[in-house]
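Peer 1: With the input below, show me the fold.
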Amino acid sequence: MTVIALDDTDSRERGMCTTYLATRLAETLEDADERVDRRLLVRLNPAVARKTRGNAALALHTSCPPADAFEHACRAVDRWSELEDDRTSPGVVVAPGDPAGVPAPVVRFARDALRDHLSLDDALAHVDEHGYRQRGWEGGWGRIGALAAVGAWAAFDDWTHEHISYRAFERCGTPRAVDVDSVFAAADVGYPTVWDTVDRVEGEPVCVPNAPGPILHGIRGDDPDACRAVAARIESESVDRAATFLTNQGTDAHLRDAADDPTLRDGRAYRVSGVVTDPPETRRGGHVFVGLAVDDDSGGQSDAAPVDCVAFEPTKRFRDRVRSLRAGDRVTVCGEVSRGTIKLEKFAVRSLTRTEPATPTCPDCGRSMESAGRGQGYRCRDCGTTGERTVRELDRDLESGWYEVPPCARRHVAKPLVRGGFDAPIHPER
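Peer 2: The predicted structure follows:
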């Protein structure tokens, strides 16, 4: 078995897609009577600065001998990469052997590529140590992602599927002809096995990209046959070719527990528990901020200053969930840290504040009492009756359990609640 891995061949402005290049390469291998047993679409850390668009690397597990596989891969990159974009920096790594048996350092590199920031020098050192073939173009930064894709099959144990339909390549950059009603109808048939196809509240066909590349639509889910069935129900312009990938999308594999890295470093994503410190605040642009006192190692509150969490405007109705939080609520939040602020992807309500202090009401006249002075309770100005501060029950719009951003705002690697496996009740968005 041979692993061919590729990364960084597309462009934010000019389009293309590394999945398309991998698909064309797989066709070349099959035309040469070589098997392609597995196609991996591996999402890497979405916070890294050097990325083209979705920061995905690709790997093909094939019967092709390493030397021939390397030649095929290099020709494909030469043919299909968007090298005229200054940011495009392709890389190829070819590794012989069983993809499940790659060396432990390469497995660690693959995990770190999703949760940390890595250097090209480190990637090339691993490549040299293990005798892999490699080539880079325009700096070859894509070799970082390519090496991660080599180790991905051994590094991750939660895999989903994406079935991608491609349009005729000469149509790239023109408006896509996709019947939106058929997308919503197909999404209804596939849900919940197939997810994030549409956003029902926002009325968006999430599976249809806006970028000027060759993808017509991409259908994600837990079963490859179900993904293909949904794709087949969509009415659109002609599908030129299609491919189904195994992927770490929708798995939360990017999250690390704050207990393992309490410094909450920028450019990493965390799962953090704590207590809400202040009422949420809506700031300019419609972004909603809330403070969180983070738990320390013992589960109590850390002495550190509260951390800001934010639900940005593009997360739409998720902001209303955040606005419903109150001081004293215990939550677990998930998201990337940027400039010391956690960009919320989902949160779980662990416990809710159910009461708040209230000014007593005069039993004689029914008016609110006023403070009689510090430590002296309350007094009715008209009746002279006295009383003590009381508490009142709060009507909360939240329940215990997990809440998430809507499909239109979901990151590729973030796990939709409908996939299950969470430690509390879920409140999925559709």
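Peer 1: Ile164 in helix, strand or coil?
Peer 2: Secondary structure, DSSP: H, G, I helix; E, B strand; the rest coil: Ile164 is strand.
Peer 1: how far away is the nearest residue to it once chain neighbours are set aside from Cys207?
Peer 2: Leaving aside its chain neighbours, Ile164 sits nearest to Gly218 (4.6 Å; criterion: C-beta to C-beta, 6 or more residues apart in numbering). Every residue, glycine included, has its C-beta placed from N, CA and C. Noted for Gly218: a distance of 6 Å to Cys207, by C-beta to C-beta, to the nearest Å.
Peer 1: quick revisit: what about the residue nearest to Ile164, how many neighbours?
Peer 2: Burial of Gly218 is recorded as 25 neighbouring residues (other C-beta atoms under 10 Å).
Peer 1: Tell me the spacing between it and His412.
Peer 2: Taking C-beta to C-beta as the criterion, Gly218 is separated from His412 by 10 Å.
Peer 1: re earlier: any idea whether the residue nearest to Ile164 is helix, strand or coil?
Peer 2: Applying three-state DSSP: Gly218 is strand.
Peer 1: How confident is the prediction for it, by pLDDT?
Peer 2: We note a pLDDT of 98 for Gly218 in this prediction.
Peer 1: Go ahead and confirm it touches Val206.
Peer 2: No - counting by C-beta atoms under 8 Å, Gly218 stays clear of Val206, with 9.3 Å between them.
Peer 1: just the helices in the stretch 201-350 of the chain please.
Peer 2: All helices of the stretch 201-350 of the chain, identified by DSSP state H, counting those that start in this stretch, fall at 224-233, 318-323.
Peer 1: per-residue confidence averaged over the first one?
Peer 2: Computed over helix 224-233, the mean pLDDT rounds to 98.
Peer 1: Buried by neighbour count: which residues of it qualify?
Peer 2: Using 16 or more other C-beta atoms under 10 Å as the test for burial, helix 224-233 gives Pro224, Ala226, Cys227, Arg228, Ala229, Val230, Ala231.
Peer 1: Quick one, grab the pLDDT at Ala304.
Peer 2: Confidence at Ala304, expressed as pLDDT, is 71.
Peer 1: where are the low-confidence patches of this structure?
Peer 2: When residues are selected by pLDDT under 70, those of the chain lie in 12-15, 51-53, 297-303.
Peer 1: in its sheet, what does the longest strand that the chain contains sit against?
Peer 2: For the chain, the strand reaching the highest residue count under DSSP state E is reported as strand 341-351. Applying DSSP bridges to the sheet, strand 341-351 is found paired with strand 307-311 (parallel), strand 330-338 (antiparallel), strand 401-404 (antiparallel).
Peer 1: Beyond that strand, next helix or strand please.
Peer 2: Next along the chain after strand 341-351, taking DSSP states H and E as the criterion, comes strand 355-358.
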